[in-house]
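[1] below is the sequence, then the predicted model.
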Amino acid sequence: MVTWQLAQRSMMLIPRIPSTFVPSLVMPVFITISFSGAFGALSDIPAFPTDVMLDWVVPMALLQGAAFAGITTGMGIAHDVENGFFDRLLLSPSPRSALLLGPLLAAMLRACFPFLLVLTAGIIGGVTIEDWVLGVPLLFLCAVLMGVVAAAWSLALVYRIRSTSAAPLMQVGLFIVFFLSTAQVPLGLMQGWLHAVARLNPMTNVLRAARQGFLGEVTWAETWPGLLALGALVVVLLVWARRGLAKMTL
């Protein structure tokens with residue numbers, strides 16, 4: 001019950017503090033338009049997996065939108081920490097796990113908004129979806145989990161820095177993870193240190209799984225590494241966030 005109430009409060013903050021949520025809608029649409037235009041010629045390369053650049057860009061932009069939605073959840077908690085409301089939650093008899101699970105549930109709900117917006121924009125723009133039955137639900141699952149990953153990352157920072165000044169670090173961390181992966185071009189077209197980093201970056205497996213329905217049929221061989229990467233990130237970041245929360249109660 002406490003978890004759901006905290007999630008509801010986070011959703012109510014959207015109209016009250018729109019500046020902490022609007023970027024999660026604007027940025028992925030901007031990325032979709034700018035990347036599909038600026039990098040559109042890449043689809044002419046014989047080794048590129050699709051002839052339509054939107055097929056490559058939309059899943060990436062959608063995951064980024066879900067990640068931004070997760071960050072905005074953390075920003076809401078940062079505001080609560082600064083104005084003293086979070087201290088009242090710490091003094092309440094509610095279980096400490098609810099203080100962590102509530103924002104994570106809110107992040108999952110918030111991730112639905114950029115998912116629908118970017119997917120709709122992509123369909124209007126002419127994106128090709130080869131496998132609607134499995135591709136779209138898989139992309140939705142990846143987006144929701146990406147929102148949880150980003151929320152856990154942002155909460156871990158907020159619980160330690162205890163200020164909205166943690167926001168730039170939240171964003172920079174996610175940008176680094178995304179753009180040092182196959183966000184722009186396939187692994188086979190990379191060279192040098194970027195290829196080595198992208199090959200080890202867990203986001204590469206996540207993007208490979210999320211893009212399947214747009215580039216062809218969905219297969220388990222391409223799906224499980226992405227789900228495993230997301231699951232591992234969720235576990236590691238949740239443990240880190242839980243330890244940060246425990247230190248606030250000392």
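    Right, received. Where do you want to start?

[2] centroid-nearest residue for the protein?
    Nearest to the geometric centre of the chain sits residue 67, at 2.1 Å (Cα atoms, centre = their mean).

[3] pretty sure it sits against residue 147.
    Yes: Residue 67 lies in contact with residue 147 (Cβ atoms under 8 Å); the separation is 6.8 Å. The C-beta positions use only the backbone N, C-alpha and C, and glycine is treated the same way.

[4] OK, contacts around the residue nearest to the residue nearest to the centre of the chain when sequence neighbours are not counted?
    Excluding the flanking residues, the one nearest residue 67 by Cβ to Cβ, 6 or more residues apart in numbering is residue 150, at 4.0 Å. Applying Cβ atoms under 8 Å, 6 or more residues apart in numbering, we find residue 150 in contact with 66, 67, 68, 69, 70, 71, 74, 107, 170, 174.

[5] now do residue 190
    182, 198.

[6] distance of residue 8 from residue 105?
    When distance is defined by Cβ to Cβ, to the nearest Å, residue 8 is 9 Å away from residue 105.

[7] I misspoke; the intended subject was residue 217.
    32 Å.

[8] ok, residue 45 next?
    42 Å.

[9] more neighbours: these two, which one.
    Using other Cβ atoms under 10 Å, the more surrounded residue of residue 45 and residue 105 is residue 105, with 21 against 11.

[10] hmm, back to that, between the contacts of residue 150, which sits nearest residue 159?
    Distance ranking of the contacts of residue 150 against residue 159, using Cβ to Cβ, places residue 74 first at 9.5 Å.

[11] show me the shaky parts of this protein.
    Filtered on pLDDT under 70, the chain yields the residue ranges 1, 249-250.

[12] can you map out the helices along it?
    Ranges of helices within the chain are 2-16, 23-38, 53-83, 85-91, 96-125, 132-161, 167-179, 192-200, 202-210, 212-215, 220-248, based on DSSP state H.

[13] using JSON lines, lay out the ones you listed together with distance to residue 186.
    Shown next, in JSON lines, are the helices of the chain (distance: least, Cβ to Cβ, whole Å):
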{"stretch": "helix 2-16", "distance to residue 186": "36"}
{"stretch": "helix 23-38", "distance to residue 186": "14"}
{"stretch": "helix 53-83", "distance to residue 186": "8"}
{"stretch": "helix 85-91", "distance to residue 186": "43"}
{"stretch": "helix 96-125", "distance to residue 186": "19"}
{"stretch": "helix 132-161", "distance to residue 186": "18"}
{"stretch": "helix 167-179", "distance to residue 186": "14"}
{"stretch": "helix 192-200", "distance to residue 186": "9"}
{"stretch": "helix 202-210", "distance to residue 186": "9"}
{"stretch": "helix 212-215", "distance to residue 186": "10"}
{"stretch": "helix 220-248", "distance to residue 186": "13"}
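
[14] most packed of those helices?
    Highest mean neighbour count of the helices of the chain: helix 53-83, a mean of 26 (counted as mean count of other Cβ atoms under 10 Å).

[15] give me the contact list for stretch 229-240.
    Contact partners of stretch 229-240, identified using Cβ under 8 Å, 6+ apart, comprise 100, 104, 142, 145-146, 148-149, 152-153, 156, 202-203, 205-206.

[16] what two of these are the furthest from one another?
    Farthest pair in the contacts of stretch 229-240, by Cβ to Cβ: 100 and 205, 25.8 Å.

[17] kindly provide the distance from residue 46 to residue 231.
    Distance of residue 46 to residue 231, computed by Cβ to Cβ: 35 Å.
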